[in-house]
Each structure stands twice: as structure tokens, then as C-alpha cells.
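Trainee: one predicted model, sequence on top.
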Amino acid sequence: MTAKIPLVTVHPASLKYLQKGHPWVTLDSFSKKFPQSPFLTTRNAKSSFLLLHDPHHSKIRARLWSSQQGQSDRCDMETFHLQLVERLKAALTKRKMLKSSHPQVFNRDNYYLFFAEADFIPGLQGLLLGNSFILFDFTRTIWEPHIDFIFSQVKQLTSTVLNQDIQEFFYQKRPGPFLSYPSKTAAPANDFVIAEFNLRYSLNFNLGSDLGLYTDMSSVRFHTSPLYSDARVLNLFSYTGAFSLFALSQGARQVTSVDLSPKYMARLNENLLLNPQLNASIHHSLVGPVNSKVKELIDASALFDVIVCDPPSASSDGHSQHNHWKSMGEFLSMLDTLVASGGTLLVFNNTHQITRKKFEQDLAQIPALNKYTLREFYGLSFDCPRLPHFPEGDYLKGVALKKNHV
Ligand SMILES: C[S@@+](CC[C@H](N)C(=O)[O-])C[C@H]1O[C@@H](n2cnc3c(N)ncnc32)[C@H](O)[C@@H]1O
């Protein structure tokens, strides 16, 4: 049966953004008054927009499902499910093609089968980790009624499109605990191993939302490979060591990892043991806040050919909360002392609050970086695509800055 969908008025700015392709209606005086209905429509002179309503979300009150020219205020569950399956199928087919056109970038067990808005499945990501599948739900209520349907479709499509069998299913409503599916009990606490670029990593559901490996950085990691041959590498905010292990595997002469967390550093060292092909004796672990560890390295006149600086958007130094980007100018000026002539600074920012434009402008204004040449931009790509006109989805930004020879 086709149900009539409530027609709502959205803020004129939201309507303008929807028309451009921005997929969110945020909380404001208009969206606060939306009627209780899972689907809503809104329209301007040209188009109508079908929205998925999320009345309990603190910021994103509706997500764009589809737009069409002219009027449309009807939708039924069968059509919605058919469209959802089409989108899942398109996303998986895209991964299949990318895997075959870029086998080296996809030489890994971890990749996203679908990446939310950028695959037109708003607020929902599907991550494959070996033969496990994790569904990340960023909405409050949009997807919950459809979870059984989504899991069954993903299982079937992964088998038919990618020729792969998923053995275990997990669900996380962010921020929230990981649950096994279909039991909806807490996900098991045991470690499991996956491979990325011929390196093995031990993952666990208690290692944060990314389980011990940032898959959205995988293709970026891959593209930094030309930097490490015979290099002295400093990996700041190293977490469980993905950049450190990768640098070692690509011929680094020596790698130093710094992280505040003894738990993550212990996991980094376990990961080293999991990869006996790497020379663990040329890896050094420093546990503590980066600021003081960097000062100690400066005092010791250390020099590095590659420094990876991938801070969290906000973090603690053990005493107070930091917004790393605000103090980045000062910090990068300090790091410059540690970069050898001809060396490379890899700087990342992982928050959509800093747009790519601001990221680049801020870096350009740091006097100590005047002697660097921009060699590479990094961002979400491959299994983690970006949607045009959607800066919130373009959260991962990075650059490779090469220090000019003196
Ligand atoms: C975004 S993760 C880094 C991801 C890592 N680069 C990777 O690719 O796997 C941030 C890491 O920074 C660490 N961290 C946060 N604040 C810190 C600080 N002040 N000093 C050192 N490490 C810190 C956290 O423990 C966490 O492991």
C-alpha cells in the first residue's frame, strides 16, 4: 500500500543545500517541529525531496533519501526496501570493480562495503573485517526497524557480488557498545587477526570504534609507501602502530612510535610480534604525551626522514583536554627541528570542523613550514568515497610536506 508522506517546511538554507546535494537537515526551529513520521517530504519550485526522519538525533534531524523533479509525496516500504537493495548492490559492485582495478590498494581483509552518504545509504556504514561484517549506525532511529532486512541483504549480496561468505555479524549504534548479531549480546572480547598489505594486526572490540585499525586510512597508508625506504621514521599518535608496521615493511631503517596510551602501545608491540618478517629491534616505543616526547627527542638531537603526525581531533595529555589543531602551528614548528634536510612531514587532520580549505590555509600560515614543498594531498578515497557538496563527509585530510634541502 502506498502511504502519503507528510509534507514539511524546512529552513530556506536547508532547502538550498538539499538542492545542491547536501544530504542533511540539521536541528533548527523548523526541523524541531517536524511531525512524527519516519518519512517526510519537502519541496521547492523545481524538486521534491524524500527525507528519512530522525526525531531523536541531537543534530541531524533528517537525511536525504532521494530527490526528484516535480512533486512526490508518496512512498511505501516495499519501494524503500527495493531502493535500499539497489544501493547496497551498487556499493558492493563498485568495491568489486575497485578491487580488480587496484589490487594492491585492496591487498587487505578490511574494507568498507558501503560508506554512508557517499554511497547514498545515509548514516550507515558497512565494514568487512576478514569474514566478519560490522554495521555502524550513526542515526538514532532511522535504521533500527530495518536492521534484520539489511543484515540478510548484505549477507546475500556479499556472497553473490563479491563471492565471499560472511561468518559473523556485528552492530554498533554510535556511540554505543558493539553487539553480536542476531543475538544482540555484547560482542566477544577475544582478539582476532586480519591482514592489511601483508601485515597482520590483532584487533579487538575493546580497542575503540575502529577495533585497532583505521580502515578509512588504509588507502592513504598505502600511498605513503614510497617515503619509507631506508628512512628514520617518527610516528606520532601511533595508536596500534599501523603506520609504524607499514613503514618497517617498506624498508624503514628505524621507526619510533609515540602514544599516550600504554594499552595501545602494548597492542602495537603485539602486532610487531605477529609479523616476524619485520625487524622489531629497530622499532622504539615511547609511551607518553607527544609534546614532552618530542622535546626529549629534540634535546637528544634526533633527526627523522619521515614524521607522521596523525592526532585525534581532541585528546588528553593525561591532564587536560586539547584541541590539537589550535596548537598545531606551534607543534609543527617544534617538529621542524626533528625533520632532516629533504625529509617529509605527513600531517593529518581528522575532523570535519576544519575544512580542507582551512586546513591548507592554516598550514600555509605557519612560518616554519615555508621551507617545505607540498608534495601530496591525501583524503578519503577508494572504499571510503566522498560526496560533493558535503564537507562533513570530507573529514580526513592530509598532506606530505617535503623539507627543502639546505
Ligand atoms: C587518531 S588515533 C591515531 C591513529 C593512528 N595514526 C593510526 O593510523 O592508526 C589517535 C591516537 O593518539 C593518541 N593520543 C591522544 N592524545 C595524545 C597525546 N597527547 N600524546 C600522545 N598520544 C596521544 C591516542 O591514544 C590514540 O592512540
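Mentor: Structure received. Numbers count the residues shown, from 1 in each chain.
Trainee: Ala195 is in contact with Leu203, isn't it?
Mentor: No: counting by CB atoms under 8 Å, Leu203 is not a contact partner of Ala195; they are 11.0 Å apart. C-beta: built from backbone N, CA, C; applies to glycine.
Trainee: mutual contacts of these two, please.
Mentor: Residues touching both Ala195 and Leu203 (CB atoms under 8 Å, 6 or more residues apart in numbering): there are none.
Trainee: of these two, who's got more company?
Mentor: In this comparison of Ala195 against Leu203, neighbours counted by other CB atoms under 10 Å, the higher total goes to Leu203 at 22 against 15.
Trainee: could you say which helix or strand holds Thr158?
Mentor: In the assignment (DSSP states H and E), Thr158 maps to helix 147-162.
Trainee: go through the helix or strand that comes right after that helix and flag the buried ones.
Mentor: Toward the C-terminus, helix 147-162 is succeeded by strand 168-173 as the next helix or strand (DSSP H and E). Taking 16 or more other CB atoms under 10 Å as the basis for neighbour counts, the residues of strand 168-173 that come out buried are Phe169, Phe170, Tyr171, Gln172, Lys173.
Trainee: end to end, how far does stretch 183-202 reach?
Mentor: 24 Å (CA to CA, to the nearest Å).
Trainee: thinking again about what came up before, make a markdown table out of the buried residues of strand 168-173 and add distance to the ligand.
Mentor: Listed next are the buried residues of strand 168-173 as a markdown table, based on distance: CB to the nearest ligand atom, whole Å:
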| residue | distance to the ligand |
| --- | --- |
| Phe169 | 25 |
| Phe170 | 20 |
| Tyr171 | 23 |
| Gln172 | 18 |
| Lys173 | 21 |
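Trainee: next, count neighbours for the closest residue to Arg200 other than its chain neighbours.
Mentor: Once flanking residues are discounted, Arg200 sits nearest to Leu274: 4.4 Å by CB to CB, 6 or more residues apart in numbering. Around Leu274 sit 16 other residues, with neighbours defined as other CB under 10 Å.
Trainee: just Asp165 next, same as before
Mentor: Residues near Asp165, counting by other CB under 10 Å: 9.
Trainee: same check, this time on Gln353
Mentor: Neighbours around Gln353, by other CB under 10 Å: 13.
Trainee: that one reaches Lys326, doesn't it?
Mentor: No: at 10.9 Å, Gln353 does not count as touching Lys326 under the criterion of CB under 8 Å.
Trainee: got the residues of the stretch 251-400 of the chain near the ligand?
Mentor: Counting by CB under 6 Å from any ligand atom, the residues of the stretch 251-400 of the chain lying close to the ligand are Val258, Asp259, Leu260, Ser261, Tyr264, Pro289, Val290, Asp310, Pro312, Ser315, Asp317, Asn350.
Trainee: check the gap between the residue nearest to Arg200 and Leu199 for me.
Mentor: Computed as CB to CB, to the nearest Å, the Leu274 to Leu199 distance reads 8 Å.
Trainee: which residues touch Asp165?
Mentor: Asn131, Thr158, Ser159.
Trainee: with adjacent residues omitted, what lies nearest to the residue nearest the centre of the chain?
Mentor: With distances taken as CA atoms, centre = their mean, the residue of the chain nearest its centroid is Asp216 (3.9 Å). When the adjacent residues along the chain are set aside, Asp216 lies closest to Cys384, with 4.7 Å between them (CB to CB, 6+ apart).
Trainee: what about the one you found, how many neighbours?
Mentor: For Cys384, which is what you asked about, the neighbour count (other CB under 10 Å) is 22.
Trainee: could you check the angle strand 168-173 makes with the helix holding Thr158?
Mentor: Counting by axes from the mean of the first three to the mean of the last three CA atoms, to 10 degrees, helix 147-162 lies at 130 degrees to strand 168-173.
Trainee: who touches helix 147-162?
Mentor: The set of residues external to helix 147-162 that reach it, using CB under 8 Å, 6+ apart, is 81, 84-85, 88-89, 92-93, 95-96, 113, 124, 126, 128, 133, 135, 137, 143, 164-166, 169, 171, 181-182.
Trainee: if we use 7 Å, what do you get?
Mentor: Helix 147-162 is contacted by residues 81, 85, 88-89, 92-93, 96, 113, 126, 133, 135, 143, 164-166, 169, 171, 181 when judged by CB atoms under 7 Å, 6 or more residues apart in numbering.
Trainee: quick revisit: over to the residue nearest to Arg200: give its phi and psi.
Mentor: Main-chain torsions, Leu274, degrees, to the nearest 10: phi -70, psi -10.
Trainee: per-residue pLDDT of it, please?
Mentor: If you check Leu274, the pLDDT there is 98.
Trainee: contact partners for it?
Mentor: Taking CB under 7 Å, 6+ apart as the definition, contacts of Leu274 comprise Val193, Arg200, Ser202.
Trainee: by neighbour count, which of those residues wins?
Mentor: Most surrounded of the contacts of Leu274: other CB under 10 Å gives Ser202, at 18 neighbours.
Trainee: show me what it is bridged to.
Mentor: Val193 (DSSP bridges).
Trainee: ok, now how distant is it from the ligand?
Mentor: In this view, Ser202 and the ligand are 13 Å apart by CB to the nearest ligand atom, to the nearest Å.
Trainee: is that residue in contact with Asp191, as I believe?
Mentor: Yes: using CB atoms under 7 Å, Ser202 is in contact with Asp191, at 4.8 Å.
Trainee: near the ligand, which residues of the stretch 101-250 of the chain?
Mentor: Residues of the stretch 101-250 of the chain lying close to the ligand by CB under 6 Å from any ligand atom are Tyr214, Met217, Phe237, Tyr239, Ala242, Phe243.
Trainee: what's the longest helix along the chain in contact with?
Mentor: Once the chain is assigned using DSSP state H, the helix that runs over the most residues is helix 77-101. Counting by CB under 7 Å, 6+ apart, helix 77-101 makes contact with 106, 111, 113-114, 119-121, 149, 153-154, 157-158, 161-162, 382-383, all of which sit outside it.
Trainee: buried subset of those?
Mentor: When burial is judged by neighbour count using 16+ other CB under 10 Å, the buried members of those are 106, 111, 113-114, 119-121, 153-154, 157-158, 161-162, 382-383.
Trainee: wait, the residue nearest to the centre of the chain sits on Leu396?
Mentor: Yes: using CB under 7 Å, Asp216 and Leu396 qualify as a contacting pair, with a distance of 6.0 Å.
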